[in-house]
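In: Here's my sequence, what's the structure:
(one chain, ligands or ions: 1)
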Amino acid sequence: MPGRTSAGREQDGVVDFERRALARALGLRKGPACPACGSADTRPIVFGLPGERLFRAAELGLVELGGCCLDDAAPDFRCGACGAGGWRDGRYVPGGE
Ligand SMILES: [Zn+2]
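Out: Model (predicted):
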């Protein structure tokens, strides 16, 4: 994985395992590929007060925390590679905030 500097492979394996376990525990669905840059690293934006597991999931880059207040205009997913937001109701919303 490009961009990694400090973590060794063993560490990556442990984090990978934790990411998969957390994603399963939280029932996360995989977002569509980013229409802006093509990256598959898109993350669902989760609203509401996050619990411990959700905080950890955000730390691991599995989700984005959207804050406590559900905003009707907010996008469903954000791209972890380029930061584009969108995919409201499965449809890409350019520049969605
Ligand atoms: Zn992107």
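In: Kindly report the residues of this protein close to the ion.
Out: Residues of the chain lying close to the ion (Cβ under 5 Å from the ion) are 34, 36-37, 39, 79, 81-82, 84. All C-beta atoms are positioned from the backbone trio N, CA, C, and that covers glycine.
In: Of the residues you listed, select the buried ones using a PyMOL command.
Out: A single PyMOL command selects the buried members of the residues of the chain next to the ion (16 or more other Cβ atoms under 10 Å):
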select buried, resi 34+36+79+84
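In: What I need now is the residues of the chain next to the ion written out in CSV, including secondary structure and distance to L62 for each item.
Out: Formatted as CSV, the residues of the chain next to the ion follow (DSSP: H, G, I helix; E, B strand; the rest coil; distance: Cβ to Cβ, whole Å):
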residue, secondary structure, distance to L62
C34, coil, 16
A36, coil, 20
C37, coil, 19
S39, coil, 15
C79, strand, 14
A81, coil, 14
C82, coil, 18
A84, coil, 18
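In: Kindly reformat the residues of the chain next to the ion as JSON lines and extend each row with pLDDT.
Out: Output for the residues of the chain next to the ion, formatted as JSON lines (pLDDT from 0 to 100):
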{"residue": "C34", "pLDDT": "89"}
{"residue": "A36", "pLDDT": "88"}
{"residue": "C37", "pLDDT": "93"}
{"residue": "S39", "pLDDT": "92"}
{"residue": "C79", "pLDDT": "90"}
{"residue": "A81", "pLDDT": "91"}
{"residue": "C82", "pLDDT": "92"}
{"residue": "A84", "pLDDT": "87"}
